[in-house]
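**Q** structure of the sequence below:
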Amino acid sequence: MSRRGGQEQASGSHESEAAPKKRKRRRGGDEERPLVPIQWTEYKQERVLYVGCEGESTEPDYLDYLAKRFGSGERTGQPFRIVPVYKENGLRPEQVVEAVRRYAETDETWALFDRDEHTRIPQAVEDAAVDGTEVCFSHPSFDLWLLLHFQAFGGRQSGRSADVVEKLRKSDPAFKDFAKRNDKSVRGPRRQALVGRTKAAIAHAKSLVSQCEHGSCKAGQHKATPVDRTSPHNPDHLPQSPSKWAARSGHALDCKVLGRDPSTDIWRLLASLGIEDDD
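**A** Coordinates of the predicted model:
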């Protein structure tokens, strides 16, 4: 993966943050927009991650939270910069993979998408496996990852998030109106409510892997080490088969992605960044 130093400016709101300099060009409101929340340390090498998001609010907000809280490297040992790539009104899973690769070029790429009612998720995983775009799949939705900060969760959801959202609203006063009036943001009090709960969320998410109905899935089998997508001597031998690439989450090779209900791989992103706790 490429590494970049240098310093860029970014404001606190999504609307006014600028794209990376190399991406400066006119875009309509209906195009993907990479944002640049930056935490940069002058004397350490900065890790750059382009993260494609299916949603336009919840995921970018959460990534901004990670960057602001951990991006300096004081807790993880290495500073990092996350560049969310998303589109107004959202992206389909296969579009998430396509968009993040287009913006990142040779930088590290991750794709975040949900089960919901999408039909081309296997295609998205297959596309990601070609060049090593890491996949964080959530079944039924990213909202499950937020809920796991407050409690364990289980039971098949079949792509529906209603139960997850209901429990999330009851989990903390900050989330009592989550998803009402189309407000799925993770800012202000909601963001603060997550502080100190990262370790629990990771543990709950790992537990879902080990409880998978397939029976041979274990969180300890996951791989979090970034893959160098540019090296001809890549030890992970890209491209990989979709089943092997999807198994980086700890699930068995023959465990179908759509059968991982409920589950969320967002914890793998944190593991890759060295985030284990936030106390």
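**Q** below-threshold pLDDT in the chain: ranges please.
**A** 1-44 (pLDDT under 70).
**Q** now the strands for it?
**A** Taking DSSP state E as the criterion, the chain carries its strands at 33-34, 47-53, 80-86, 108-114, 134-139, 263-264.
**Q** looking at the ones you listed, which is nearest to residue 215?
**A** Distance to residue 215, taken as Cβ to Cβ, is lowest for strand 263-264 among those, at 14.2 Å. Where you see a C-beta, it was placed from the backbone N, CA and C, and this is true even at glycine.
**Q** tell me the strands beside the closest one, with direction?
**A** strand 134-139 (antiparallel) (DSSP bridges).
**Q** follow-up on the earlier one: pick the most deeply packed of the strands of the chain.
**A** strand 108-114 (a mean of 28; mean count of other Cβ atoms under 10 Å).
**Q** now render the strands of the chain as JSON lines, adding distance to residue 64.
**A** Listed next are the strands of the chain as JSON lines, based on distance: least, Cβ to Cβ, whole Å:
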{"stretch": "strand 33-34", "distance to residue 64": "13"}
{"stretch": "strand 47-53", "distance to residue 64": "11"}
{"stretch": "strand 80-86", "distance to residue 64": "7"}
{"stretch": "strand 108-114", "distance to residue 64": "13"}
{"stretch": "strand 134-139", "distance to residue 64": "16"}
{"stretch": "strand 263-264", "distance to residue 64": "19"}
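**Q** right, so of these, which gets closest to residue 147?
**A** That would be, of the strands of the chain and by Cβ to Cβ, strand 263-264, which comes in at 9.3 Å.
**Q** how far does that closest one sit from its chain's centre?
**A** The chain centroid and the centroid of strand 263-264 are separated by 11 Å under Cα atoms, centre = their mean, to the nearest Å.
**Q** returning to that earlier point: which one of the strands of the chain lies nearest to residue 152?
**A** Comparing the strands of the chain by Cβ to Cβ, strand 263-264 comes nearest, at 12.5 Å.
**Q** tell me where the stretch 101-250 of the chain has helices.
**A** 121-131, 143-147, 162-171, 188-194, 198-210, 242-246 (DSSP state H, counting those that start in this stretch).
**Q** residues in contact with residue 273?
**A** Taking Cβ atoms under 8 Å, 6 or more residues apart in numbering, we find residue 273 in contact with 47, 49, 66, 70, 76, 80.
**Q** nearest to residue 175 among the residues you listed?
**A** Nearest to residue 175 among these, with distances taken as Cβ to Cβ, is residue 66, at 18.0 Å.
**Q** tell me which residues touch the residue lying closest to the closest one once chain neighbours are set aside, please.
**A** The shortest distance from residue 66 to any non-neighbouring residue, by Cβ to Cβ, 6 or more residues apart in numbering, is to residue 82 (6.4 Å). Contacts for residue 82 were tallied using Cβ under 8 Å, 6+ apart; they are 37, 49, 51, 63-64, 66-67, 71.
**Q** which one (most neighbours) among the residues you listed?
**A** residue 51 (28 neighbours; other Cβ atoms under 10 Å).
**Q** that one touches residue 85, doesn't it?
**A** Yes - contact criterion Cβ atoms under 8 Å: residue 51 and residue 85 qualify, at 6.8 Å.
**Q** since that was my last question, I'll sign off now.
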